[in-house]
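Asker: Here is my input; please provide its structure:
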Amino acid sequence: MPDMKHIAGAMLALGLLAHAHAADKIAVDIALRGATLIDVAAGLAVKGKTVLLKGDSIVAVVDDAQLRSYAPKQTIRLPGKYLMPGLWDTHVHFGGGPELIDENKQLLPLYLAHGITTVRDCSGDLPDTVLAWRRQINAGQLEGPTIFTSGAKLEGLKPLWKGTIEVGTPQEVTRALDGLQAQQVDFVKITENTLKPELYLEALRQARERGMRTSGHIPVQLTLEQMADAGLGTIEHQSYLLRATTPREQELTDKEAMRESLQSYDEATARKAFSYLAARGTAIVPTLWGSRVTAYLDREDHTHDPALQYIGKGLRATYDWRVQRAAKDGPDAIAQRHAQFEQSAKLLPILQQQGVSIIAGTDAGFLNSFDYPGQALHDEIGLYVQYGLTPQQALQSAVINGPRFLGKLERYGSVAAGKAADLLVLDANPLQDIGATRRIRLVVSRGQVYDRAKLDQMLAEIRAWGAKQETAPAKS
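Answerer: Residues are numbered from 1 along each chain as shown. Below you'll find the model as predicted:
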């Protein structure tokens, strides 16, 4: 008959051993198991890995055999799903005046609900508000995507756009950059509405001396080569590249430059210009979707778009500006809109082949008609594939190239230890079909998990907020 004291002692020893093994395990918050990992840089779908999260970071990506070394508080099983980094929209706007701050704030969860875990704000007329949101989101006090922002943009005197820093002398450029640096902006946005060309170059020179990244529109008086030489980091809006696709670029300096660029397009000239941009490190943010919507307003009625239910009535009212302008165009102007969009879109594969970094951005926000925050990024990268990029290249534009521009690749761009816990889980493989990015099963933002039920709840709350706003009495 067994000695009961020996049995009891053995059981106690086993219990102590198990306790010791448990104590040796690394505590983590969440284990994401069973999904196929999408390596966007390599274009590979990797099976048999588990992603371990702690706080707002990825702790490790391990094989199943290594899981015994970890003690997750929660395990989420994702068989048949695809896991990739969260998406970036690197050209958005918040604005419309102080009275629309609440409507703009509703866009933050809308981005998350569409898998966009980071946005780059390219300046509207609420720069101080956006800077406050950036701080609150970073501190975990506000729900929304990580925000990188330019703060107020630089412009000339008496510009069309509100919310700008007006500069008319080199000394004013210096003061403007001093102020932006004090606010710790992530880059400097410069537009050309009334800014003198020589001051634009001066702003680029001073920003480069300070180590500040720059982004902007292209003045018609300057060539792309001049802008690249001056250190411009990103060209916003692909249509600006059309002037560099003609041997006549230097002479096309008036309002007819775009039309004449189309008429004298030369692919060899375009390739040479784009190679120059690539060599100087100047990237392009195409914003094709917003351009396409405006170009084809004569053919497409957006007044019943389902996405409108997520946009506040004040923001929807700002859409009228472009709609009304487009409605005044005659047949020639409409044909010009179509041709300009189509030719600029066709430059995508040439840009890719010549080594220019293409960074996905949409122009979504106030003023830009039917360019819906959140949804627009999926529309944007869908166009990239339609006009000649591969799904992998389109994904790279929305996952890797934005962080590279901002110098943040050590924290973003892949699913790996030390990276941000900003992740997207899909029902289908986006390397095979770019439309799979719309089939969202789960979003992780800063380590916070939003499953499909939570995402649907967020969307429902935004819709309900908008419906309540519609019936609220107008403010006197």
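Asker: could you show me where the strands are in the stretch 351-476 of the chain, in order?
Answerer: Counting by DSSP state E, counting those that start in this stretch, the stretch 351-476 of the chain has strands at residues 423-426, 440-445, 448-451.
Asker: want to throw those strands into TSV with mean pLDDT, distance to residue 251 and mean neighbour count?
Answerer: From N, CA and C alone the C-beta is placed, and that goes for glycine too. As requested, these are exported to TSV (pLDDT from 0 to 100; distance: least, CB to CB, whole Å; neighbours: other CB atoms under 10 Å):
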stretch	mean pLDDT	distance to residue 251	mean neighbour count
strand 423-426	98	47	24
strand 440-445	98	49	24
strand 448-451	98	53	17
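Asker: can those strands go into TSV with extra columns for distance to residue 139?
Answerer: Below are those laid out as TSV (distance: least, CB to CB, whole Å):
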stretch	distance to residue 139
strand 423-426	21
strand 440-445	14
strand 448-451	14
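Asker: Quick check: which of these is nearest to residue 150?
Answerer: Evaluated over the strands of the stretch 351-476 of the chain, closeness to residue 150 peaks at strand 440-445, with 22.0 Å, by CB to CB.
Asker: And the closest one, what does it pack against?
Answerer: Here strand 440-445 touches helix 107-113, strand 116-121, strand 423-426, strand 448-451, helix 452-471, going by 3 or more CB pairs under 8 Å, 6 or more residues apart in numbering; DSSP states H and E.
Asker: Comparing these, which comes out most buried?
Answerer: Among the helices and strands packed on strand 440-445, strand 116-121 has the highest mean neighbour count (mean count of other CB atoms under 10 Å), at a mean of 28.
Asker: pLDDT below threshold where in the stretch 1-150 of the chain?
Answerer: 1-23 (pLDDT under 70).
Asker: Out of the strands of the stretch 351-476 of the chain, the one nearest residue 323 is which?
Answerer: Residue 323 lies closest to strand 440-445 among these, at 30.0 Å (CB to CB).
Asker: picking up where we left off before, tell me which of the helices and strands packed on strand 440-445 lies nearest to residue 406.
Answerer: Nearest of the helices and strands packed on strand 440-445 (CB to CB): strand 116-121, 7.5 Å.
Asker: outside of the closest one, which residues touch it?
Answerer: 85-94, 111, 130, 145-150, 186-187, 361, 374, 377, 402, 406, 412, 422-424, 443-446 (CB atoms under 8 Å, 6 or more residues apart in numbering).
Asker: strand partners of that strand, parallel vs antiparallel please.
Answerer: Note on strand 116-121: by DSSP bridges, its sheet partners are strand 87-92 (parallel), strand 146-149 (parallel).
Asker: just checking, next helix/strand downstream of the first one?
Answerer: Read it as strand 87-92. Using DSSP states H and E, the helix or strand that directly follows strand 87-92 along the chain is helix 101-105.
Asker: and the residue lying closest to residue 223 once chain neighbours are set aside, how many residues sit next to it?
Answerer: In this structure, residue 223 finds its nearest non-sequential neighbour in residue 249, 5.5 Å apart by CB to CB, 6 or more residues apart in numbering. Per other CB atoms under 10 Å, the neighbour tally for residue 249 reads 19.
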